[in-house]
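>>> Here's my sequence, what's the structure:
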Amino acid sequence: MTEFSQVPSPKSQAPEVVCLHEVCKIYGTGETAVRAVDSVNLRVPGGELVLILGPSGAGKTTLLSLIGGLLQPTSGVVRVAGCDLGQLSSTALADLRLRQIGFVFQFFQLFAALTARENVEVPLRLAGSGAREAREQAETLLERFGLGRRVSHRPQDLSGGEKQRVALARALALHPPLIVADEPTGSLDSRNGEEVIRLLRQLVDAEQRTVLVASHDQRIVQVATRVFQCEDGRLAEITASQGCTAV
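As a prediction, the model looks like this:
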């Protein structure tokens with residue numbers, strides 16, 4: 001396994017990209033109610049890679065979905081890029097998700113009928129780019145991720161690692177300040193998983209993006225700026241050494 005260098009927490013006070021205040025998400029009512037996210041407070045400035053560790057069912061995906069504006073909290077405030085998501089109209093929220101947040105999923109979520117290039121073009125066209133501009137930008141992004149010769153291939157003809165790199169390229173298409181990645185290495189073998197980890201860290205180092213990752217993968221501890229343990233819907237910040245034994 002590749003050894004990564006531990007990344008120290010930044011000392012600069014960058015503007016906050018994510019801010020959660022007493023956020024709860026409850027499913028059901030009464031005795032059957034489940035607190036999937038329980039009174040979470042979190043502040044994440046720009047230029048950090050924050051890792052949320054925890055077992056299945058701990059609330060990691062629900063928490064990322066709240067930050068990504070895919071779910072509404074039962075209570076509390078979620079702010080992304082300075083916007084209170086609870087105060088946005090459905091149209092404004094959709095626009096914020098499109099332009100301010102890039103999503104990366106465990107199972108890629110690529111459109112099976114589209115080529116790699118066309119998958120990356122989707123957010124660009126939704127944002128108003130013309131066909132030629134979107135095509136050129138998509139090809140540039142795919143070339144950056146080593147997929148210049150695979151732009152015309154559909155997902156069924158790509159390896160798992162290639163699919164995840166297409167997903168990363170799509171997430172970056174509109175240069176969002178925040179990347180939300182849910183188990184980005186979960187469907188990959190060791191080599192491709194390590195490549196995705198390196199790419200995520202490069203987004204922070206080279207472009208000062210903020211990356212939030214929910215994962216079981218202990219290798220990500222070594223490149224994270226901060227590490228949190230998620231259990232029973234609650235977050236607790238832990239050190240990297242603790243993270244190696246906490247899950």
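
>>> Quote the end-to-end distance of stretch 61-73.
From its first residue to its last, stretch 61-73 covers 13 Å (Cα to Cα, to the nearest Å).

>>> in it, what's buried?
Neighbour-count burial for stretch 61-73 flags T61, T62, L63, L64, S65, L66, I67, G68, G69, L71, P73 (criterion: 16 or more other Cβ atoms under 10 Å). In short, each C-beta sits where N, CA and C put it, glycine included.

>>> can you pull the pLDDT of the residue positioned nearest the centre of the chain?
The centroid of the chain falls nearest to V180 when counting by Cα atoms, centre = their mean (1.5 Å). V180 is assigned 97 on the pLDDT scale.

>>> from memory it sits against F105, does it?
No: between V180 and F105 there is no contact under Cβ atoms under 8 Å: 9.3 Å.

>>> Could you pull out the strands in this structure for me?
Counting by DSSP state E, the chain has strands at residues 16-27, 34-45, 49-53, 75-80, 83-84, 101-104, 178-182, 210-215, 226-231, 234-238.

>>> For those, could you give me CSV that also reports distance to H153?
As requested, those are exported to CSV (distance: least, Cβ to Cβ, whole Å):
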stretch, distance to H153
strand 16-27, 33
strand 34-45, 35
strand 49-53, 29
strand 75-80, 33
strand 83-84, 37
strand 101-104, 19
strand 178-182, 23
strand 210-215, 26
strand 226-231, 36
strand 234-238, 39
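
>>> what's the most buried one of those?
strand 210-215 (a mean of 26; mean count of other Cβ atoms under 10 Å).

>>> Who are the packing partners of it?
The contact analysis (3 or more Cβ pairs under 8 Å, 6 or more residues apart in numbering; DSSP states H and E) places strand 210-215 against strand 16-27, strand 34-45, strand 49-53, helix 60-67, strand 178-182, helix 190-207.

>>> now that strand: mean pLDDT?
Per-region confidence: strand 210-215 scores 96 on mean pLDDT.

>>> follow-up on the earlier one: among the buried residues of stretch 61-73, find me the one that's closest to V40.
Distance to V40 across those (Cβ to Cβ) is lowest for L63, with 6.6 Å.

>>> show me what contacts the residue nearest to that closest one when sequence neighbours are not counted?
Distance criterion Cβ to Cβ, 6 or more residues apart in numbering; nearest residue to L63, sequence neighbours excluded, is V37 at 5.3 Å. V37 sits next to V23, C24, K25, G59, T62, L63, L66, P73, G233 when contact means Cβ atoms under 8 Å, 6 or more residues apart in numbering.
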